[in-house]
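Asker: okay, sequence plus prediction incoming.
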Amino acid sequence: MANLKLIRDRIQSVKNTKKITEAMRLVAAARVRRAQEQVLSTRPFADRLAQVLYNLQTRLQFEDVNLPLFKKRDIRSIGLLVITGDRGLCGAYNTNVIKRAENRAKELQAEGLEYKYILVGRKAIQYFQRRNQPIDATYTGLEQIPTAAEASNIADELLSLFLSESVDRVELIYTKFVSLVSSRPVVQTLLPLDAQGFEAADDEVFRLTTRGGEFEVERQKVSATARSFPKDMLFEQDPVQILDALLPLYLNNQLLRALQESAASELAARMTAMNNASDNASELINTLTLSYNKARQAAITQEILEVVGGAEALK
């Protein structure tokens, strides 16, 4: 009987755990939808900014444009901006991006270059602090759905490091959202900006949909074709000054997009992890129920045998 009680308690415990993991899966799914809505809502501004930069590039051809954010220096020190999450329970999401950052740091060390980390997310901060790595700045407590203000704060720090020549290049290491079950850590150079990197190109945005009762992601191509400025357009300000004012906005937009992709990847990883945990809990409940039924049947059989044996002894 004691064994039966132990199994019953275990079954109830696993059922309670399954309720928690299922609730976390549904919360993550709802937040992925919010992340999608934010990506779509910020798209018009990103499109218009890309159009303006493209046309300025066409007008100026970047000849004799001497702007600080375009300045390429001899590389001695590199800033690595690493974006992770504040919480766990999201599979290998945090581990993968941290490993990618470590591998990149080893590559820089092999080339004889210095590096320092700018860390976003408690998981990366805890990991690199325990290993006494060079950390310049940290950011935690960001909204689950990133905001433009948060991206601007981080971008200001990156601009300060680059313009003060504390670092000669800034690289961004984040997780690119591919699908609900797939994400990919990537490395992207943020600073200095590449003057030839503003050409209009097709981009993608994701849409979370349902099919057959299951979540799935559709990637939609978004045309980034820029409309040209009229050739006789006159600028009230020097086009170089306009470009100088717009480049920080472009950097903010790039960083916000990376934060959005990382947030969507984290939420999708958490949704997948909690779905797997719920499935594992269901399998364990079935196994424990089978064991409970076998043990109960054995106990009943034993009791019957004892009753029959006692009856025979009284004859």
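Answerer: Cool, got the structure.

Asker: go ahead and confirm residue 124 touches residue 94.
Answerer: Yes. A contact is recorded between residue 124 and residue 94 when judged using CB atoms under 8 Å, the distance being 7.3 Å. For glycine as for every other residue, the C-beta is placed from the backbone atoms N, C-alpha and C.

Asker: overlap of the contact sets of the two?
Answerer: Between them, residue 124 and residue 94 share these contacting residues under CB atoms under 8 Å, 6 or more residues apart in numbering: residue 84.

Asker: what about these two, which has more around it?
Answerer: Between residue 124 and residue 94, residue 124 has the larger neighbour count (other CB atoms under 10 Å), namely 27 against 23.

Asker: helix/strand/coil for the closest residue to residue 104 other than its chain neighbours?
Answerer: Beyond its immediate neighbours in the sequence, the residue positioned closest to residue 104 (CB to CB, 6 or more residues apart in numbering) is residue 187, lying 5.9 Å away. With DSSP: H, G, I helix; E, B strand; the rest coil as the basis, the three-state label of residue 187 is strand.

Asker: who is residue 187 paired with across the strands?
Answerer: Counting by DSSP bridges, residue 187 forms beta bridges with residue 173.

Asker: can you pull out the helices in this structure?
Answerer: Under the criterion DSSP state H, the chain carries helices at the ranges 2-60, 93-110, 122-130, 148-163, 239-314.

Asker: any idea which of these gets closest to residue 75?
Answerer: Evaluated over the helices of the chain, closeness to residue 75 peaks at helix 93-110, with 9.2 Å, by CB to CB.

Asker: mean confidence for that closest one?
Answerer: The predicted model assigns helix 93-110 a mean pLDDT of 93.

Asker: buried ones in that helix?
Answerer: Within helix 93-110, the residues that qualify as buried are 93, 94, 96, 97, 98, 100, 101, 102, 104, 105, 108, counting by 16 or more other CB atoms under 10 Å.

Asker: got the buried residues for stretch 80-93?
Answerer: Judged by neighbour count (16+ other CB under 10 Å), stretch 80-93 contains these buried residues: 80, 81, 82, 83, 84, 85, 86, 90, 91, 93.

Asker: same check, this time on stretch 72-81
Answerer: Buried residues in stretch 72-81, counted by 16+ other CB under 10 Å: 77, 78, 79, 80, 81.

Asker: tabulate the helices of the chain (JSON lines), appending distance to residue 181.
Answerer: What follows is the helices of the chain, written out as JSON lines (distance: least, CB to CB, whole Å):
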{"stretch": "helix 2-60", "distance to residue 181": "12"}
{"stretch": "helix 93-110", "distance to residue 181": "12"}
{"stretch": "helix 122-130", "distance to residue 181": "21"}
{"stretch": "helix 148-163", "distance to residue 181": "27"}
{"stretch": "helix 239-314", "distance to residue 181": "6"}
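
Asker: and residue 72, which of the ones you listed is closest to it?
Answerer: helix 148-163 (11.3 Å).

Asker: pLDDT below threshold where in the stretch 151-300 of the chain?
Answerer: Low-confidence segments of the stretch 151-300 of the chain (pLDDT under 70): 195-236.

Asker: ok, residue 140 - contacts?
Answerer: With CB under 8 Å, 6+ apart as the criterion, the residues that contact residue 140 are 86, 120, 121, 122, 125.

Asker: check what contacts stretch 8-26 and list those residues.
Answerer: The set of residues external to stretch 8-26 that reach it, using CB under 8 Å, 6+ apart, is 89, 270-271, 274-275, 277-278, 281-282, 284-285, 288-289, 292.

Asker: report the buried members of those.
Answerer: In those, the ones that pass as buried (16+ other CB under 10 Å) are 270, 271, 274, 275, 277, 278, 281, 284, 285, 288, 292.

Asker: appreciated, that's everything.
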